[in-house]
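Asker: model this:
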Amino acid sequence: MNHKLHVFRHEGQLFTSINASSPPAAIPPIPRPWNPALESDSSSDNIKDVLTTQWAYETRPWFPLIPTNPVFDGAVFGCLNHSFYSLPIESTADGRYILRGDVRQQWETLEHKLLWCQGRLATNMHFPWYGQCPRAPRDYGYLRSHVDATLAKKVALRSRDAFLGISALCTYFIMTRRYRPHREATWTSLLTNDARCPIPSTWVTKLSRTFVGDVTDVVPRTGMIINGAYGLSWDTDVLMFEHFHVPIWVYWPPNVVPHKTWNRYFPSAEDIAAATHTNWGGSQDGPWGIQLDDNLWGVQSNSDPCGARSDGDPGGFHWSNDDPWGSQSNEQTPASVVQTQPDLSCFPLPHRHSGQKHAEDWEAFFARHAMQNKKREEKETPSQKQAHLSRERSVENHRIPGKSSTIQVFEWQPQDEYNGFMLRTHITKAGVQDIWGDYNKFTRIFDSFSNQWDLCLALNPASMPDGDDREDDDDIMPPLPKTAPLDVPPPAPSSFLNDIYTYFGSNVSLSSRHKDIEGLAPILHYYFGYRPTAPSSAPLYASMQLNEWIKKTNWDHLRKLLGDSAAETGSIAEPQRQSITILIAYLVNLKESDLGTIPPDVWDLGPDPSLQITHAHIRISYANLSQRRYYIIEPRQSPNLLVWTLAIPNPITAVMCLRRNWGSDVNQIALALLKRGIAFRTLQRMACAPNFRRPLTELRTHTLGHQPSSFQATYADYVVYEQLRHEFMNRPRARAAFLHGGLVWRLALHSLGFHHLPSILEGISTEAVPFGDLLVGNGSTYYNDGLPDEEIDFMWSPGGPRPNAWDASGLNVGFWSARCEDWFQRRLDNIREGVSQHAAFMYQ
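Answerer: Numbers count the residues shown, from 1 in each chain. Take a look at the predicted model:
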């Protein structure tokens with residue numbers, strides 16, 4: 001097989017790769033070679049040091065398999081889904097701080113199960129006897145208390161990263177078994193058929209779909225750099241890594257003659273002459289880490305002087321490189337769309353000599369300096385270029401500037417009295433020592449032209465600070481034994497099922513559902529106020545009417561009424577079925593004024609509810625915008641660093657969010673709603689007059705044209721519709737389809753898939769301001785992406801139900817239920833077979 005060899009030069013060093021078309025983001029220092037006498041190398045045993053591309057180390061063949069963008073979700077890894085701000089920390093009796101007990105227990109259980117899987121997967125596998133297994137997460141301190149909450153969070157996040165290490169070793173064994181099949185079993189059957197602890201096949205299936213078991217190129221991994229002078233020991237594993245698309249780079253020192261095994265990686269003279277030169281990590285971005293844009297208005301900040309963002313950005317809106325209205329024109333802007341001048345009195349005055357302009361937020365500041373530095377670079381002399389590159393190299397390790405250093409340090413500090421607007425503040429040399437550790441390589445930016453550091457948490461608010469190691473290293477990270485034991489006691493088989501039940505609900509069949517459809521029990525509790533401990537013989541007020549309804553009600557019919565699939569076989573016991581039936585009988589038959597008669601031990605949303613009005617992590621208020629009430633979700637303690645505000649139109653959904661323990665990260669709460677097909681809005685505050693819109697006639701809408709009422713769509717019509725819908729879903733404003741909820745959400749999901757959901761939460765699109773939804777209230781204007789009626793009709797597909805039919809049907813329960821999914825899958829099957837579903841829908 002012929003492979004195209006990619007050749008790169010970096011500071012005089014030569015690198016090649018067959019399966020990577022670009023170099024790694026950064027190259028660590030060249031390590032000392034393997035010492036056969038000591039049987040050791042210079043590899044790090046700290047997970048913090050191996051989350052990016054590393055050199056190849058004989059003792060750690062799992063290094064290259066660390067996932068670069070791990071997704072902590074699903075039944076297996078969902079408990080790890082926390083940011084620095086959302087991590088729950090509690091205080092101890094002696095005044096110290098520790099990860100909250102329930103999360104700590106979940107992590108400890110997951111660690112036990114992964115270590116057990118690691119040991120089972122290693123059975124009869126070749127692993128160097130001098131090899132080093134990754135440190136267990138508990139070694140990093142999440143089970144211990146710490147002197148303050150910040151340190152407890154830092155230690156917990158580093159412990160969470162350690163799960164990537166043991167996961168990578170599991171992946172190494174899985175890859176090896178798949179590349180060199182063993183006779184005794186596949187890796188999945190090895191886990192499910194283990195005599196000591198047979199793991200449920202459902203859990204193993206879920207594991208196979210995570211970054212542990214998914215060895216396709218869908219999961220990008222860090223890869224490794226091999227020193228061509230000492231790479232012979234890697235010849236076998238490299239073939240395996242290439243097969244599974246793990247990136248491999250080979251470094252060629254001068255005058256090295258390659259072994260024949262490595263000839264295909266060795267560049268010819270022509271390859272070397274045509275080698276790509278790179279500044280490794282700086283070829284695309286400016287010195288401020290921001291993509292440079294030739295458009296002078298590439299980063300246009302919102303001029304609303306009283307924006308709602310608590311990170312200081314008053315709601316910046318980013319235009320594309322094209323004209324904001326989608327076409328270039330030399331005509332004068334109509335007076336009706338001219339924005340009013342901002343009231344700068346609502347912004348704090350910048351500090352002297354800070355370089356920040358009045359009302360200039362951090363994004364606009366960095367963008368302006370990036371463009372200035374680009375112009376400087378074009379005009380600088382060779383000596384000036386050498387000087388600024390030398391300054392860049394001197395700070396690559398992000399060492400704290402010393403007292404004799406000439407580097408200036410500025411910190412972006414939020415001003416509470418100005419809605420958190422951030423001011424660039426000069427820090428004295430003595431003060432730098434106190435704050436440097438509160439930031440990391442993602443929240444520090446060095447400008448080599450002005451010789452200045454900027455420290456700004458808004459650059460990456462979810463990242464973990466570097467410093468503040470106020471406990472001894474030996475206390476945080478005890479010494480690693482020579483080899484970590486692979487044999488651990490078997491976990492309880494029920495712990496694997498608990499993961500499934502916790503994530504999906506105890507009454508769920510996983511065969512026909514996507515992973516975020518919940519079972520009947522959690523639906524009843526979170527949406528309808530059912531108490532799981534309700535007695536089965538609760539007293540019935542107005543008992544004659546209720547008893548008649550209960551006698552006529554079939555259990556499967558009741559499940560359909562609640563959105564569950566009658567075809568599913570659940571595990572709800574008969575006594576609990578009785579209490580559920582009693583609650584639904586009350587809700588269906590009683591007038592609203594009589595709901596207070598429902599016993600509180602059955603329903604916790606009555607006049608004397610057990611539901612707490614306050615929530616530990618979020619607060620919910622309401623706002624009347626454009627004659628409609630919305631429920632606003634905000635974090636209770638940590639600042640909201642999003643450019644948009646989460647607004648929910650349905651009060652039932654707002655109550656459901658209060659009942660959940662989704663943490664304080666509004667982005668994660670919105671993502672949870674998005675995965676469940678629940679409608680919400682991402683409102684971005686803009687300083688625009690109510691008439692700052694463009695007529696919809698200028699917007700290219702997608703429709704299927706007009707057909708007579710007797711029209712019957714064929715399969716060919718549906719194929720054309722699928723193509724048109726795919727074209728539409730690639731438009732910027734199509735994110736509104738995901739926010740719409742219900743069937744529109746499901747059709748959008750059918751086009752783009754679950755992996756597209758996080759991008760929906762990046763903010764409103766470039767088409768939102770001229771053509772989206774405009775909401776007005778409390779003297780402010782808000783924009784959100786919206787779809788005109790023509791495009792909503794278009795999304796419903798030919799021969800499908802109309803929007804008003806869906807709204808009035810029993811399928812519309814406010815979230816995407818199991819019954820909805822069953823109907824949707826049947827409809828797809830029937831369309832493929834040429835059977836119309838429109839008539840069948842009307843009887844749902």
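
Asker: what's around residue 75, how many residues?
Answerer: Using other C-beta atoms under 10 Å, the number of residues around residue 75 comes to 23. Heads up, the C-betas are built off the backbone N, CA and C, glycines and all.

Asker: name the element it belongs to?
Answerer: Per DSSP states H and E: residue 75 is located in helix 74-77.

Asker: how about the strands of the stretch 201-350 of the chain, start to end?
Answerer: With DSSP state E, counting those that start in this stretch applied, the stretch 201-350 of the chain shows strands at 224-227, 248-252, 276-277, listed in chain order.

Asker: quick check, distance from the helix or strand following the shortest one to the centre of its chain.
Answerer: Secondary structure here is assigned by DSSP H and E; on that basis, the next helix or strand after strand 276-277 toward the C-terminus is helix 362-379. If you compare the mean C-alpha spot of helix 362-379 with that of the full chain, they lie 30 Å apart, counting by C-alpha atoms, centre = their mean, to the nearest Å.

Asker: ok, residue 165 to residue 23 distance?
Answerer: Separation of residue 165 from residue 23 (C-beta to C-beta, to the nearest Å): 24 Å.

Asker: more crowded one of those two?
Answerer: Here residue 165 and residue 23 are compared on neighbour count by other C-beta under 10 Å; more neighbours surround residue 165, at 26 against 23.

Asker: For the helix or strand hosting the more buried one, buried residues please.
Answerer: Under the assignment given by DSSP H and E, the secondary-structure element containing residue 165 is helix 149-179. If you call a residue buried by 16 or more other C-beta atoms under 10 Å, then helix 149-179 has these buried ones: 150-178.

Asker: For the next helix or strand after that helix, name the packing helices and strands.
Answerer: Reading on from helix 149-179 to the C-terminus, the next helix or strand found by DSSP H and E is helix 187-192. The contact analysis (3 or more C-beta pairs under 8 Å, 6 or more residues apart in numbering; DSSP states H and E) places helix 187-192 against helix 101-121, helix 149-179, helix 201-208.

Asker: and stretch 46-66, how far apart are its ends?
Answerer: End-to-end distance of stretch 46-66 (C-alpha to C-alpha, to the nearest Å): 13 Å.

Asker: swap in stretch 249-269?
Answerer: End-to-end span of stretch 249-269 (C-alpha to C-alpha): 18 Å.

Asker: Please point out which parts of it sit buried.
Answerer: By neighbour count with 16+ other C-beta under 10 Å, stretch 249-269 contains the buried residues 249, 250, 251, 252, 256, 258, 262, 265, 266, 267.

Asker: Columns distance to residue 741 and pLDDT on top of those, output as a markdown table?
Answerer: Compiled in a markdown table, these are given as follows (distance: C-beta to C-beta, whole Å; pLDDT from 0 to 100):
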| residue | distance to residue 741 | pLDDT |
| --- | --- | --- |
| 249 | 46 | 94 |
| 250 | 51 | 92 |
| 251 | 52 | 91 |
| 252 | 56 | 91 |
| 256 | 60 | 84 |
| 258 | 59 | 81 |
| 262 | 55 | 83 |
| 265 | 52 | 89 |
| 266 | 57 | 90 |
| 267 | 54 | 90 |
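
Asker: Pick the one among these closest to residue 532.
Answerer: For the buried residues of stretch 249-269, the residue nearest residue 532 by C-beta to C-beta is residue 249; the value is 54.3 Å.

Asker: Does that closest one touch residue 23 like I think?
Answerer: Yes. With contact defined as C-beta atoms under 8 Å, residue 249 counts as touching residue 23 (7.0 Å).

Asker: Quick check: neighbours shared by those two?
Answerer: Both residue 249 and residue 23 are contacted by 8, 15, 17, under the criterion C-beta atoms under 8 Å, 6 or more residues apart in numbering.

Asker: Can you add distance to residue 596 and mean pLDDT and give the helices and strands packed on helix 187-192 back as CSV?
Answerer: Listed next are the helices and strands packed on helix 187-192 as CSV, based on distance: least, C-beta to C-beta, whole Å; pLDDT from 0 to 100:
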stretch, distance to residue 596, mean pLDDT
helix 101-121, 33, 93
helix 149-179, 42, 92
helix 201-208, 42, 86
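
Asker: Dump the ones you listed into TSV; add distance to residue 660 as well.
Answerer: TSV is the format used below for these (distance: least, C-beta to C-beta, whole Å):
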stretch	distance to residue 660
helix 101-121	14
helix 149-179	21
helix 201-208	21
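
Asker: between these, which one is nearest to residue 757?
Answerer: Smallest distance to residue 757 across the helices and strands packed on helix 187-192 (C-beta to C-beta): 18.4 Å, for helix 201-208.

Asker: What is that closest one packed up against?
Answerer: Here helix 201-208 is seen to pack against helix 74-77, helix 187-192, helix 493-504 when contacts are counted using 3+ C-beta pairs under 8 Å, 6+ apart.

Asker: Those into CSV, with extra columns for mean pLDDT and distance to residue 527?
Answerer: Listed next are the helices and strands packed on helix 201-208 as CSV, based on pLDDT from 0 to 100; distance: least, C-beta to C-beta, whole Å:
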stretch, mean pLDDT, distance to residue 527
helix 74-77, 84, 21
helix 187-192, 91, 34
helix 493-504, 74, 16
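
Asker: So residue 77 versus residue 400, what's the distance?
Answerer: When C-beta to C-beta is applied, the distance between residue 77 and residue 400 equals 34 Å.

Asker: Between these two, tell me which one has more neighbours.
Answerer: residue 77 (22 against 15).

Asker: so who does the more buried one touch?
Answerer: Residue 77 makes contacts with 70, 71, 110, 163, 210, as judged by C-beta under 8 Å, 6+ apart.

Asker: Off-centre distance for stretch 43-51?
Answerer: Shown here is stretch 43-51, whose average C-alpha point lies 23 Å from the average C-alpha point of the whole chain (C-alpha atoms, centre = their mean).

Asker: What separates the first and last residues of it, distance-wise?
Answerer: For stretch 43-51, the first-to-last residue distance is 13 Å (C-alpha to C-alpha).

Asker: What of stretch 521-535?
Answerer: Distances were taken as C-alpha to C-alpha; on that basis the terminal residues of stretch 521-535 are 15 Å apart.

Asker: now that stretch, how far from the centre of its chain.
Answerer: The gap between where stretch 521-535 is centred and where its chain is centred comes out at 29 Å by C-alpha atoms, centre = their mean.

Asker: mind listing what's buried in it?
Answerer: Residues of stretch 521-535 classed as buried under the neighbour-count rule (16+ other C-beta under 10 Å) are 521, 522, 523, 524, 525, 526, 527, 528, 529, 530, 531, 534.

Asker: my read is the second one is in a helix, agree?
Answerer: Yes. Note on residue 522: a helix contains this position according to DSSP: H, G, I helix; E, B strand; the rest coil.

Asker: could you measure residue 741 against residue 383, distance?
Answerer: Relative to residue 383, and taking C-beta to C-beta, residue 741 is found at 61 Å.

Asker: Settle it for me: which of the two has more neighbours?
Answerer: Applying other C-beta under 10 Å to residue 741 and residue 383 shows that residue 741 carries more neighbours, namely 23 against 7.

Asker: quick one on the thing from earlier: which stretch among the helices and strands packed on helix 201-208 comes nearest residue 769?
Answerer: Proximity of these to residue 769 was assessed by C-beta to C-beta; the nearest stretch is helix 74-77, lying at 36.2 Å.

Asker: Cool, thanks, signing off.
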